[in-house]
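S.K.: Sharing a model prediction with you, sequence too.
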There are 2 protein chains.
Amino acid sequence: MTIPETMLAVRQIGVGDLDQLELVQVPVPRPGPKEVLVQVGACGLNNSDIMRRIGGYGSEDDPASATGWKRQPPGLPRIQGSDIAGTIVAVGSDVDIARRGHRVLVNPTLYNLGPEDPTDVDYLGSERDGGYAEYCVVPSANAHRIETDLAFEDLATFPIAYLTALHMLNRARVACGETVVVTGASGGVGSAVLQWAALRDARTVAIVGDGKENSALSLGAEHTVSRTAAAMNKAIRDVLRDRPVDVVVDVAGGPNFVQLLSVLRPGGRYVTCGAIAGPVVTLDLRTLYLKHLELIGSSYGTTSEFAELVAAIEAKQLKPLRAATFPLSRAKEAQAAFLQKRHFGNIILECRRSQS
Amino acid sequence: MTIPETMLAVRQIGVGDLDQLELVQVPVPRPGPKEVLVQVGACGLNNSDIMRRIGGYGSEDDPASATGWKRQPPGLPRIQGSDIAGTIVAVGSDVDIARRGHRVLVNPTLYNLGPEDPTDVDYLGSERDGGYAEYCVVPSANAHRIETDLAFEDLATFPIAYLTALHMLNRARVACGETVVVTGASGGVGSAVLQWAALRDARTVAIVGDGKENSALSLGAEHTVSRTAAAMNKAIRDVLRDRPVDVVVDVAGGPNFVQLLSVLRPGGRYVTCGAIAGPVVTLDLRTLYLKHLELIGSSYGTTSEFAELVAAIEAKQLKPLRAATFPLSRAKEAQAAFLQKRHFGNIILECRRSQS
């Protein structure tokens, strides 16, 4: 394999609109001793790409300040992209050369406190360069070999969404037979939650945009509710005929927060990994303690969970949900399409050189 | 033992100010088959007595509506009082007569889903008559025999506060060596948290009113912070010299909520059982998920935990914190004193006939 000197990449150069994404030629990076160079086959988009670009995380003291996910100004310029599937084409001095040629799915999480602790991490596309590029250097331990017939464009639908979703279900201890309400169920994480929940025989109510009901049902959802329902709690109670809700898995936040808590049974759990519909909510602490609720925050996942994801893909237990594919050079259009929320599943960039 | 026909009792007759408490002579109740009649030696006060009297719980849909803790209008009239220590003077037909004469500490929790599940309960002084009276009927299973030299007035400081505090520490998985911030640490539940935390070798920072620092330190607190500190998060970080906080045990809620979350380490836990300083707070869901926090609601505790409380009292591991004692006939004054928050620990009613 011949590795070129330079590559096409899309960098975030500032905080703001789509014009902060810049298509550039940059040197192909070289792997350090414990790293590998991955030829990126495809790279998936995530809400976190958008949030980083617009500086949407605020700070604990000022919810409106423009920050990256560490709630500081984000490092710039930075090649975005966290969901990388590709081929190892070069290895660092401490890495077995036999890894060259392996197809890999990359865990973008860089663990500062060890591989099973996601409470202090960096990640590819944020604290170091990611996969909106033809090549990307990643720690060898993060490049999980995967043996499957799926195309890179399909594999790139999985990493962050499915790792995040699995970790949420584990944090909330979702068990067989439990009833789980899933918001944003047509998005990346939400649809991943539907699939993981089905694998553990939990029963899901999918909150989806109009017209996306059948997609959610085909992933195992038992019921759907429109995300524009006027009274979300009543709509959920209606489809469940007042069966109690054990867990709410929320990726949306926003004005429905209070109603989502109101459908939870006493002792129920609410778990969130994002709040694109509105991060700052009103909480009545009496509801929290009188109902014995747990509100659980979750981000990323563990190395073991990522290995479980790879195994589930290899066992064909998870269906890739690729809604649209754009060439790397059209990353801006891809993010614009992502923001329109007309898709079900994930939007993917093709990054192979032949297509750039 | 001669049981009289009537007894002195203090009933809540409406929702409102102290004038909703009425001193009356009523018939002494008779125990049902699985119940016992307790001659009340002493009965402790709780925030929940006040909250019930003023209708302070709101509803999920309307935080300002006047409700009892079940968030419905409270049942009236009702003899208040949940912290009962006394002597069994009569037993129901299914109860061993040998129980007569036993000194008991009463678990006020009436479990609708079994003795280890506090998520659906009633309680003495709320859904049925309590201990602001000379006599009280309770389920035999709730009357725990206690062998100790402590006076009833001291024993009555323990039940709700120490059961609630223990359940909170268990829900939040407070472990040896962890650093725990405790709000309202001069109150009943807060001071109970200090004592239980010390027993498991956790390190506590007690948030207390001015002048109450030494009382908190004598219960094992490592540091104190004034509850009127202008910047609560900075004050906590200062005394800890930036050592991370693992758990916040909050009985207060209110304006310090955001700052309490800000001192928690990533992966930290916040647990609450009350919100007398303000129940409706603002929550930034990004803080919840980016820091992997858990917000845990807790009320009451389990039968096993109550048995652990009785054992700890018998083993002299817990110190009764009786701040003031009033005769039953002066229950209004006792509640007024309770509301002034000048005390450390609990306020007690003496209920023995000879003193009424």
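M.R.: Noted; the coordinates are in hand. Numbering: from 1, shown residues only, chains lettered A, B, ... in the order given.
S.K.: distance of A:Gly41 from A:Ala133?
M.R.: 12 Å (Cβ to Cβ, to the nearest Å). C-betas here are computed from N, CA, C, even on glycine.
S.K.: Which one of these two is surrounded by more residues?
M.R.: Ranked by neighbour count (other Cβ atoms under 10 Å in any protein chain shown), A:Gly41 and A:Ala133 place A:Ala133 first, with 29 against 22.
S.K.: List the contacts of that one.
M.R.: Going by Cβ atoms under 8 Å, 6 or more residues apart in numbering or on different chains, A:Ala133 touches A:Met7, A:Leu8, A:Ala9, A:Val10, A:Val26, A:Val40, A:Cys43, A:Ile79, A:Gly81, A:Leu328, A:Cys351.
S.K.: before we move on, what about A:Ala312?
M.R.: With Cβ under 8 Å, 6+ apart, A:Ala312 has these contacts: A:Leu199, A:Leu318.
S.K.: What does the pLDDT read for it?
M.R.: pLDDT recorded at A:Ala312 is 98.
S.K.: what do A:Gly41 and A:Ala133 both touch?
M.R.: Going by Cβ under 8 Å, 6+ apart, residues that sit against A:Gly41 and also against A:Ala133 are A:Cys351.
S.K.: Checking A:Val137 next. Helix, strand or coil?
M.R.: strand (DSSP: H, G, I helix; E, B strand; the rest coil).
S.K.: Low-confidence ranges, chain A, go.
M.R.: Chain A contains residues with pLDDT under 70 at A:1, A:354-356.
S.K.: can you list the domain ranges for it.
M.R.: A:6-158+A:321-350, A:161-297 (automatic domain parsing).
S.K.: So for stretch A:305-314, what gets flagged as buried?
M.R.: A:Glu305, A:Phe306, A:Glu308, A:Leu309, A:Val310, A:Ala312, A:Ile313 (16 or more other Cβ atoms under 10 Å in any protein chain shown).
S.K.: In TSV: those, plus secondary structure.
M.R.: As requested, the buried residues of stretch A:305-314 are exported to TSV (three-state DSSP):
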residue	secondary structure
A:Glu305	helix
A:Phe306	helix
A:Glu308	helix
A:Leu309	helix
A:Val310	helix
A:Ala312	helix
A:Ile313	helix
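S.K.: From the residues you listed, pick the one nearest chain B.
M.R.: When the buried residues of stretch A:305-314 are ranked by distance to chain B (Cβ to the nearest Cβ), A:Glu305 comes first, at 13.9 Å.
S.K.: Contact partners for that closest one?
M.R.: Listed by Cβ under 8 Å, 6+ apart, the contact set of A:Glu305 reads A:Leu163, A:Leu166, A:His167, A:Asn170.
S.K.: Including distance to chain B and secondary structure, could those residues go into JSON lines?
M.R.: Putting the contacts of A:Glu305 into JSON lines (distance: Cβ to the nearest Cβ, whole Å; DSSP: H, G, I helix; E, B strand; the rest coil) gives the following:
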{"residue": "A:Leu163", "distance to chain B": "14", "secondary structure": "helix"}
{"residue": "A:Leu166", "distance to chain B": "15", "secondary structure": "helix"}
{"residue": "A:His167", "distance to chain B": "9", "secondary structure": "helix"}
{"residue": "A:Asn170", "distance to chain B": "12", "secondary structure": "helix"}
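S.K.: what kind of secondary structure is A:Ala98 in?
M.R.: Judged by three-state DSSP, the three-state class of A:Ala98 is helix.
S.K.: which ones are touching it?
M.R.: The contact partners of A:Ala98, by Cβ under 8 Å, 6+ apart, come to none.
S.K.: Could you list the residues of the stretch 151-300 of chain A in contact with chain B?
M.R.: Within reach of chain B by Cβ under 8 Å from any Cβ of the partner chain, the stretch 151-300 of chain A has these residues: A:253, A:257-258, A:261-262, A:266-267, A:272-275, A:279-299.
S.K.: mind listing the strands for the stretch 51-200 of chain A?
M.R.: Under the criterion DSSP state E, counting those that start in this stretch, the stretch 51-200 of chain A carries strands at the ranges A:78-79, A:83-91, A:103-106, A:109-111, A:121-123, A:135-139, A:143-145, A:179-182.
S.K.: Could you list every helix and strand that the last one packs against?
M.R.: Translated: strand A:179-182. helix A:188-199, strand A:203-208, strand A:245-250 (3 or more Cβ pairs under 8 Å, 6 or more residues apart in numbering or on different chains; DSSP states H and E).
S.K.: thinking again about what came up before, which one of the buried residues of stretch A:305-314 is nearest to B:Met51?
M.R.: The closest of the buried residues of stretch A:305-314 to B:Met51 turns out to be A:Glu305 (Cβ to Cβ; 42.3 Å).
S.K.: Can you give me the distance of that closest one to B:Ala337?
M.R.: Computed as Cβ to Cβ, the A:Glu305 to B:Ala337 distance reads 54 Å.
S.K.: Next: A:Arg227.
M.R.: According to Cβ to Cβ, A:Arg227 and B:Ala337 sit 52 Å apart.
S.K.: Could you do A:Ile236 as well?
M.R.: 46 Å.
S.K.: Same drill for these two, tell me which one is more crowded.
M.R.: Shown here are A:Ile236 and B:Ala337; by other Cβ under 10 Å, A:Ile236 has more neighbours (25 against 17).
S.K.: Return the residues in contact with A:Lys136.
M.R.: For residue A:136 the amino acid is Cys, not Lys. Residues in contact with A:Cys136 (Cβ under 8 Å, 6+ apart) are A:Pro29, A:Leu37, A:Val38, A:Val40, A:Ile79, A:Gly81, A:Ile84, A:Gly86, A:Val106, A:Leu124, A:Asp129, A:Gly130.
S.K.: Quickly note the distance from the second one to A:Leu124.
M.R.: Shown here: A:Leu37 relative to A:Leu124, a distance of 13 Å by Cβ to Cβ.
S.K.: which residue ranges form the helices in the stretch 1-150 of chain A?
M.R.: With DSSP state H, counting those that start in this stretch applied, the stretch 1-150 of chain A shows helices at A:47-54, listed in chain order.
S.K.: got it, and the stretch 201-350 of chain A?
M.R.: Counting by DSSP H, counting those that start in this stretch, the helices of the stretch 201-350 of chain A are A:213-218, A:232-240, A:257-263, A:285-290, A:303-314, A:331-340.
S.K.: among those, which is the most enclosed?
M.R.: Comparing the helices of the stretch 201-350 of chain A by mean neighbour count (mean count of other Cβ atoms under 10 Å in any protein chain shown), helix A:285-290 ranks first with a mean of 25.
S.K.: could I have that one exported to CSV, CA atoms only?
M.R.: The C-alpha coordinates for helix A:285-290 follow below in CSV (Å, rounded to 0.1, in the frame of the first residue of the first chain):
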residue,chain,number,x,y,z
LEU,A,285,-37.0,18.1,43.4
ARG,A,286,-40.1,16.9,45.2
THR,A,287,-40.9,14.8,42.1
LEU,A,288,-37.4,13.4,42.3
TYR,A,289,-37.5,12.3,45.9
LEU,A,290,-41.2,11.5,46.3
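S.K.: which other residues reach it?
M.R.: A:261-262, A:293, A:295, B:57-58, B:60, B:63, B:69, B:71, B:253, B:257, B:272-275, B:279-281, B:295-299.
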